[in-house]
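The sequence isn't on hand, but the structure is:
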């Protein structure tokens, strides 16, 4: 029996790092140096997109074959903001998140060297840099870009609202294999949904939650 346990240990050690069959995504938390200090860039998704049109998000997307989540975040940011990948400086990879809809997502903090000064004097803009130069972006994916001072997130706590998560088995679910069959009592789950409101912008859901986790980590680490 001891030999069998040793074999299990060996197999688990040898199996480390195997590619997951789950979908994987990478998003960038884009930091920009401005005259006001550091700001965070957000995108508004194009209305023509099939998923979550018009919602506020970070740049990013799913990985290609053999691509890491960090590489995907950099590539997608480059494509969406029409900037060179070499101008994106990775500051830190954050912890992987299990996405409720399926798959894993890794947020990556990155400094956008080529966009210094973008955002306007009040920290929010619809595509104009401080010097008046218009920021280009991919209109197929992005309707608008804007920035929010990092200090806003450090000084303001978000709001959280609860939603119930209920189970709806598919038509072919094998009720005959579980106690009580179709009368089985499914637990009701709860999720807390994060909201930030900055002027006329509502940043919510996964994007807001990622931002709040990032800010909490900064504060734990002594950044203020």
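Yep, it's here. Keep in mind that this is a model prediction, so the values were computed, not measured.

give me the number of residues near residue 33?
15 (other C-beta atoms under 10 Å). Every residue, glycine included, has its C-beta placed from N, CA and C.

ok, it to residue 89 distance?
11 Å (C-beta to C-beta, to the nearest Å).

Not counting its neighbours along the chain, what's nearest residue 166?
residue 188 (5.8 Å; C-beta to C-beta, 6 or more residues apart in numbering).

residue boundaries of the strands in the protein?
Applying DSSP state E to the chain gives strands spanning 24-34, 37-45, 56-57, 60-62, 88-93, 97-98, 104-112, 142-149, 159-165, 189-198, 201-204.

and the third one, what's its mean pLDDT?
Same thing as strand 56-57. On average, the pLDDT along strand 56-57 is 96.

quick one: contacts of it?
27, 42-45, 201-204, 207 (C-beta atoms under 8 Å, 6 or more residues apart in numbering).

what stretches of the chain score poorly on pLDDT?
1-2, 15-22, 116-135 (pLDDT under 70).

coming back round to it: now for residue 33 and residue 89: what residues contact both?
residue 111.

could you dump the strands of the chain to TSV with distance to residue 73?
Formatted as TSV, the strands of the chain follow (distance: least, C-beta to C-beta, whole Å):
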stretch	distance to residue 73
strand 24-34	3
strand 37-45	13
strand 56-57	12
strand 60-62	5
strand 88-93	9
strand 97-98	13
strand 104-112	5
strand 142-149	15
strand 159-165	26
strand 189-198	20
strand 201-204	18
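
for the longest helix along the chain, the distance to its chain's centre please.
When the chain is parsed with DSSP state H, its longest helix is helix 205-220. Helix 205-220 has its C-alpha centroid displaced from the chain centroid by 10 Å (C-alpha atoms, centre = their mean, to the nearest Å).

What lies in contact with it?
Against helix 205-220 from outside (C-beta under 8 Å, 6+ apart): 27, 29, 40, 42, 55-58, 94-95, 97, 99, 105, 107, 109, 153-154, 158, 193-196, 203.

swap in stretch 149-169?
Stretch 149-169 is contacted from outside by 31, 36-40, 100, 123, 175, 186-198, 208, 211-212, 215, 218-219, 223-224, using C-beta under 8 Å, 6+ apart.

switch to 7 Å and redo it
36-40, 123, 186, 188-196, 198, 208, 211-212, 215, 224 (C-beta atoms under 7 Å, 6 or more residues apart in numbering).

Thanks again, I'm all set now.
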